[in-house]
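Just to be clear, the model below is a prediction. Sequence and coordinates:
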Number of protein chains: 4
Amino acid sequence: MISSDAARKIIAAGEARAQAIGVPVNIAVLDSGTHLKAFSRMDGALIGSIDIALGKARTAALFTMPTEVIGEFCKPGGTSPGLEQTNGGLVVFAGGLPVIDADGAMIGAVGVSGGAVDQDLDIATAAAAALTH
Amino acid sequence: MISSDAARKIIAAGEARAQAIGVPVNIAVLDSGTHLKAFSRMDGALIGSIDIALGKARTAALFTMPTEVIGEFCKPGGTSPGLEQTNGGLVVFAGGLPVIDADGAMIGAVGVSGGAVDQDLDIATAAAAALTH
Amino acid sequence: MISSDAARKIIAAGEARAQAIGVPVNIAVLDSGTHLKAFSRMDGALIGSIDIALGKARTAALFTMPTEVIGEFCKPGGTSPGLEQTNGGLVVFAGGLPVIDADGAMIGAVGVSGGAVDQDLDIATAAAAALTH
Amino acid sequence: MISSDAARKIIAAGEARAQAIGVPVNIAVLDSGTHLKAFSRMDGALIGSIDIALGKARTAALFTMPTEVIGEFCKPGGTSPGLEQTNGGLVVFAGGLPVIDADGAMIGAVGVSGGAVDQDLDIATAAAAALTH
C-alpha cells in the first residue's frame, strides 16, 4: 500500500527533475489497485495532459509494466492488436511506470505528461526512483 | 489562475484539520475551469470517496457556490428539480467550496470526502481558508 | 428552418433583457431538430449553466413545449414519472421555450440559464418573442 | 478570460472569410478552460460538423496548439500513438486553433468545421486573427 508520504516524495522527485529540464508537467500517483493517491499539475502544464498523466499511471498499474512496453504489444505486427482499447482505453506511449519500493514490491504507479515523450519518461523515471534512492 | 503553491497550501490546511479531528479524507483542488490542479488521499481514506471529492470540487467550481447550497435547489419542492443530473452529474451535499484568493477572486474549488458530511465541510472550510488566513 | 439572422435576434433580445435585470446568463438556440444553431455566454455567467441552457433548449425542442410544462408531467403524482430520464436526460424546470415564427410555425427552441428560475424564464420569454415583436 | 465581445469578433471574422470563399461552416469559441463561450452555425452548414467544430476548439484549448499539430503526434510512426483517444476523444485534423490576444496570452480557442479541411483552417485562421488585426 503506497503511503501519502511516499506519494509526496514521488511527486517532489518528479517535479525537481521537470524543473531541472524546464518542462512543466502533470504527475499522477496511483496505488496498485489503480486508485488515485496524489496528483499535481505544475504551473504552466497543459490541461490536456491531465487525462494523459492519469491514463499512463493507470495503464502502468494495470499491467505492472512501463507504458511503452505495453505499446509494443499493440503496434502493427505486435502480439496483441487492439490491446489499447481494453480496460476502457489505455495510454500506451512512454511516461507511465510502476513504482517499486525498497523491498522490490510493486506498490503503485506514476504517470507523467506535458513534455515530449522522452522528457515525460525522463521525469517519470526520476519520480519512480524516489523511494529506492 | 490557481498556483501549485496555493494548491499545496489548501491541501496542507485541509489535512491538518482532518488530522486534528481524526478523519482521513480525500482532498481535490481544481482551477476555476474545473480542471484538476492537485489531489491527495490521506492514508486510510475511503477509495469510494475519491470520486466524491473530485465531484464536490467540480460542482463548486461550476456554480461558484458551496455544494450544499446547490443541493437546496434540487431538493423536493426546490426550484430546480433534476439540477443534479446536469453537467454529467453533480455532487450536491456538503464538502465542496469555491476557493477565494486574498483579493476576493474565485480562483478554483476544493472538494473533501471521507468523513461524515459535517466533518467534510469542516475540513473543506479549513482548506479553502488557507489563502486568506 | 431557423436562420442565423433569426438566431442572432433571439440571443440579442435575450441578452438585452438579461442586462436590464442585471443577470448574466447563457443562451442556447437550437433548430427544430434539436441541433445547435447559436450560443452565447455573457461575461460573468456561470459555467455550470452552459449545460443547463443547452438542456433546456433541447427539452423544449423535443416536446414543443415550455420546459416547466414538461416538469409537471414528471412531478410526484404526475402522469409520467421518470419522463425526465428519457432522451438521455431532460431539463424540466423553467427557462426553455419553443421559438415560434411570425407564421405560427415552431422553428426551434431557446434555453436560458444563469439566474434564478423565474429570471431565466423572463429572459427566455423575451428571447423567444424576438421574431414576432 | 475571453469576453463576449471578443467571441463575437472572432465569429464575425470567421463568417466573413467563410462567405468570401463560399463555404457555410460551424464556428465554436471556447475559453481557455475549454468551456463554450459562443457558437454559430451558418445557414446551410452541415449538422454533422457541429460536434467537429466543438471538438476542434476543445482539442486546441486542451493542448494550446493547432489541431493538425496534435495530429502529427498520433500519426503512424508518431511519438504518441492513441493520443487522439485521450480526454474523451480529440479531433486531430486542421481547423482548431488557440486564440491569442493582443498581449500574447492564450485566452481561448476556435474550431471551424463544414468545408474541406484546408478551407476550415483558412477560416479558423481568419477567426483567430480577429483580436490582433
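Thanks, I have it.

which stretches of chain A form strands?
For chain A, strands defined by DSSP state E occupy the ranges A:26-31, A:36-41, A:96-100, A:106-113.

Do me a favour and average the pLDDT over the first one.
Strand A:26-31 comes out with an average pLDDT of 98.

hmm, who's touching that strand?
If you take Cβ atoms under 8 Å, 6 or more residues apart in numbering or on different chains as the criterion, strand A:26-31 is touched by A:1-2, A:7, A:10-11, A:14-15, A:18, A:36-42, A:45-46, A:49-50, A:52-54, A:56-58, A:61, A:99, A:107-114, A:123, A:127. (Glycine included, C-beta is placed from N, CA and C.)

Find the residue closest to whatever residue of chain A ends up closest to chain D in space, skipping its chain neighbours.
Residue nearest to chain D within chain A: residue A:48 (3.0 Å; Cβ to the nearest Cβ). Computed as Cβ to Cβ, 6 or more residues apart in numbering or on different chains, the closest residue to residue A:48 that is not its neighbour in sequence is residue D:62, at 3.0 Å.

ok, now which ones touch that neighbour?
By Cβ under 8 Å, 6+ apart, the neighbours of residue D:62 are A:46, A:47, A:48, D:34, D:87, D:90.

follow-up on the earlier one: in JSON lines: the strands of chain A, plus mean neighbour count.
As requested, the strands of chain A are arranged in JSON lines below (neighbours: other Cβ atoms under 10 Å in any protein chain shown):
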{"stretch": "strand A:26-31", "mean neighbour count": "29"}
{"stretch": "strand A:36-41", "mean neighbour count": "28"}
{"stretch": "strand A:96-100", "mean neighbour count": "25"}
{"stretch": "strand A:106-113", "mean neighbour count": "28"}
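
okay, the ones you listed in a markdown table with distance to residue B:79 next?
Below are the strands of chain A laid out as a markdown table (distance: least, Cβ to Cβ, whole Å):
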| stretch | distance to residue B:79 |
| --- | --- |
| strand A:26-31 | 38 |
| strand A:36-41 | 34 |
| strand A:96-100 | 45 |
| strand A:106-113 | 41 |
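
and of those, who's closest to residue A:66?
Between residue A:66 and those, the shortest separation by Cβ to Cβ is 5.3 Å, and it involves strand A:96-100.

what lines up beside that closest one in the sheet?
strand A:106-113 (antiparallel) (DSSP bridges).

How far away from the center of its chain is the partner strand?
4 Å (Cα atoms, centre = their mean, to the nearest Å).

do the same with stretch A:95-110
10 Å.

Could you do stretch A:61-68 as well?
Centre to centre, stretch against its chain (Cα atoms, centre = their mean), the figure for stretch A:61-68 is 9 Å.

How about stretch A:118-133?
9 Å.

So which bits of it are buried?
A:119-131 (16 or more other Cβ atoms under 10 Å in any protein chain shown).

quick check: longest helix of chain A.
In terms of residue count, the longest helix belonging to chain A (DSSP state H) is helix A:4-21.

Not counting its own residues, what contacts it?
By Cβ under 8 Å, 6+ apart, helix A:4-21 touches A:24-25, A:27, A:29, A:37-38, A:40, A:42, A:99, A:101, A:107-108, A:110, A:112, A:114-115, A:119, A:122-124, A:126-131, B:40-43.

Give me the angle between it and strand B:36-41.
For helix A:4-21 against strand B:36-41, the angle by axes from the mean of the first three to the mean of the last three Cα atoms, to 10 degrees is 150 degrees.

near chain B, which residues of chain A?
Contacts of chain A with chain B, taken as Cβ under 8 Å from any Cβ of the partner chain, map to A:1, A:3-4, A:7, A:33, A:35-43, A:47, A:50.
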